[in-house]
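Asks: Quick check, what structure comes out for this input:
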Amino acid sequence: MTDEQYYGGPWNKHTAPILVVAMTHDMYTPYPGAVRVTHELGDARLLTVDGCGHPSQNSTCARTARDAYLLSGARPAAGARCAQDTRPFPG
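Replies: Next up, the predicted model:
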């Protein structure tokens, strides 16, 4: 990425409402980073998925919330949490 393409902030400018979806145990995008970026963005809300893996995988609740956001802009209530439907390594 060149310097012309890089945006270094500030991140608290007015934006359309944003939904951040994060798993509590995601090795690729750690949960503390999602919490931090939610606070840094101008109008963001965090949907926490209690489980392992990557956001909204194996969670009907999270997929439903994500789809509602993408289709209508509706976001879950502040502090909303979803459960994972299945364990990552069943059996």
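
Asks: helix/strand/coil for residue 45?
Replies: Of the three states, residue 45 takes strand according to DSSP: H, G, I helix; E, B strand; the rest coil.

Asks: Which pLDDT value goes with it?
Replies: Looking at residue 45, its pLDDT stands at 96.

Asks: What of the one 5 residues further on?
Replies: Confidence at residue 50, expressed as pLDDT, is 94.

Asks: Please save the CA atoms from the helix or strand in which it is found in PDB.
Replies: Using DSSP states H and E, residue 50 sits in strand 44-52. Extracted C-alpha coordinates of strand 44-52, given in PDB (Å, rounded to 0.1, in the frame of the first residue of the first chain):
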ATOM      1  CA  ALA A  44     -20.000   1.700  16.100                       C
ATOM      2  CA  ARG A  45     -21.700  -1.100  18.000                       C
ATOM      3  CA  LEU A  46     -20.000  -4.300  19.000                       C
ATOM      4  CA  LEU A  47     -21.800  -7.700  18.700                       C
ATOM      5  CA  THR A  48     -19.900 -10.200  20.800                       C
ATOM      6  CA  VAL A  49     -20.100 -13.900  19.800                       C
ATOM      7  CA  ASP A  50     -19.100 -16.200  22.700                       C
ATOM      8  CA  GLY A  51     -17.000 -18.900  21.000                       C
ATOM      9  CA  CYS A  52     -14.100 -19.900  18.800                       C
END
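
Asks: neighbouring contacts of the helix or strand just after that strand?
Replies: Where DSSP H and E defines the elements, the next helix or strand beyond strand 44-52 is helix 60-72. Contact with helix 60-72 is made by 19, 21, 47, 49, 55-56, 74-76, 80, 82-83, 85, as judged by Cβ atoms under 8 Å, 6 or more residues apart in numbering. Where C-beta positions appear, they are placed from N, C-alpha and C, glycine not excepted.

Asks: which of the residues you listed are buried?
Replies: 19, 21, 47, 49, 55, 56, 75, 76, 80, 82 (16 or more other Cβ atoms under 10 Å).

Asks: so can I have a markdown table of those residues showing distance to residue 12?
Replies: Listed next are the buried ones among the contacts of helix 60-72 as a markdown table, based on distance: Cβ to Cβ, whole Å:
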| residue | distance to residue 12 |
| --- | --- |
| 19 | 17 |
| 21 | 20 |
| 47 | 20 |
| 49 | 25 |
| 55 | 23 |
| 56 | 26 |
| 75 | 18 |
| 76 | 22 |
| 80 | 22 |
| 82 | 27 |
